[in-house]
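>>> Quick one: sequence plus predicted model below, questions after.
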Amino acid sequence: MRAIQATTAGGPDVLELVELPDPVPGPGEVLVRVAAAGVNFIDTYRRGGVYPMPFPHVVGSEGAGVVERIGDDASDVEVGDHVAWSDAPGSYAELVVVPAARTLPVPADVPLDVAAALPLQGMTAHYLACSTYPVQPGDVALVHAGAGGVGLLLTQLVVARGGRVVSTVSTPEKAELSRAAGAEHVIRYDELDDLATQLPALVREATGGDGVSVVYDGVGRSTFDASLASLRRRGMLVLFGGASGQVPPFDLQRLNSGGSLYVTRPTLADYVATREELVDRADDLFRRVEDGTLDVRIGARFPLAEAAAAHRALEGRETTGKVLLEV
């Protein structure tokens, strides 16, 4: 099979198209022919050595495709099934082995490219809006990177639950995408000279001086201070990523002086720890896609051989929505 390997820790140039032996599913596993693989920031962290990984390794962990072979003791999956997944190492390849218990059944009406775009970003948006801070009617959420893959899906889910969204974006085009997803107020952070003071002021202006109920922050270091300052009394900052770098330690008394605030640092794995919860979240997302209430934007598509270009585009903030490798 063809696959994309990271030969050593480094930039996108360490990604190479190679030929490897076809993998064989073990007990409880299935072999899937990949239709499309999702490109995510975690792939770049692993490629760059931020997260410890063996080298060389086949990159990627998300995708969708068709089951070709079933290992012993693999249940609930049949040859020919359309499945998606979020956590199968080696997904930038023509074939990948996926634990049967981590496969997501894809409805017949959902195309495989759309299915590949949903597992990681879709379930992240789902747990954020439905579980970590379950949005209620009347809540106002600040969504950073509102035109990104998570941001667009998260905005739609917040609005569907009766909430309102203030988003941040970096270009006029991204502002239009965020508004189309349902954001009431869109703030161009690229136009701000001092994010830490100007952004909270604009957020409070948009909320009648109150601040927001919740901030969903996947950016991290560069937005953390502004996020805290944008919260209403007893509001929650949900820090779910660090695209700009990790947040350094901070004085917990800031939560006291800010109005009895909450901060949490969730991760998807803890919200899909059981197969029941994993499938329930995926089924809800796929149902929304089928009935037209959730729009999945695929912002860029690259052939498998151009994985390095896909990484450059993602890291350069040149993309909106989901980035896919078409296999």
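Great, that's in hand.
>>> Longest helix in the chain, please.
Ranked by residue count and defined by DSSP state H, the top helix of the chain is helix 275-290.
>>> helix or strand right after that one?
strand 298-303 (DSSP states H and E).
>>> And that next one, what does it pack against?
helix 112-117, helix 307-315, strand 322-326 (3 or more Cβ pairs under 8 Å, 6 or more residues apart in numbering; DSSP states H and E). Using the backbone N, CA and C atoms, a C-beta is placed for each residue, glycine as well.
>>> let's go with 10 Å and repeat that
strand 29-39, helix 112-117, helix 149-160, helix 307-315, strand 322-326 (3 or more Cβ pairs under 10 Å, 6 or more residues apart in numbering; DSSP states H and E).
>>> just the strands in the stretch 101-250 of the chain please.
Along the stretch 101-250 of the chain, the segments classed as strands by DSSP state E, counting those that start in this stretch run 104-105, 140-143, 164-169, 185-188, 212-217, 231-239.
>>> Who are the packing partners of the last one?
Contact partners of strand 231-239 among helices and strands, from 3+ Cβ pairs under 10 Å, 6+ apart: strand 140-143, helix 195-206, strand 212-217, helix 224-229, strand 262-264.
>>> I'd like to know how far the residue nearest to residue 155 when sequence neighbours are not counted sits from residue 191.
Leaving aside its chain neighbours, residue 155 sits nearest to residue 181 (4.3 Å; criterion: Cβ to Cβ, 6 or more residues apart in numbering). Plainly put, residue 181 is 20 Å away from residue 191 if you go by Cβ to Cβ, to the nearest Å.
>>> quick one, which of those two is more surrounded?
residue 181 (25 against 8; other Cβ atoms under 10 Å).
>>> OK, contacts around residue 137?
By Cβ atoms under 10 Å, 6 or more residues apart in numbering, the contact set of residue 137 is 161-164.
>>> Quick check: closest non-adjacent residue to the residue nearest the centre of the chain.
Centroid-nearest residue in the chain, with Cα atoms, centre = their mean: residue 121, separated by 2.7 Å. Leaving aside its sequence neighbours, residue 121 sits nearest to residue 149 (Cβ to Cβ, 6+ apart; 4.1 Å).
>>> my guess is that neighbour meets residue 319, correct?
Yes. With contact defined as Cβ atoms under 10 Å, residue 149 reaches residue 319; the gap is 8.3 Å.
>>> The two: which has the busier surroundings?
Legend: neighbour count by other Cβ under 10 Å for residue 149 and residue 319, higher for residue 149 (30 against 18).
>>> re the thing from before, mutual contacts of residue 149 and residue 319, please.
39, 298-299.
>>> is it possible to export those residues to a markdown table including pLDDT and neighbour count?
As requested, the shared contacts of residue 149 and residue 319 are exported to a markdown table (pLDDT from 0 to 100; neighbours: other Cβ atoms under 10 Å):
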| residue | pLDDT | neighbour count |
| --- | --- | --- |
| 39 | 97 | 30 |
| 298 | 96 | 19 |
| 299 | 92 | 19 |
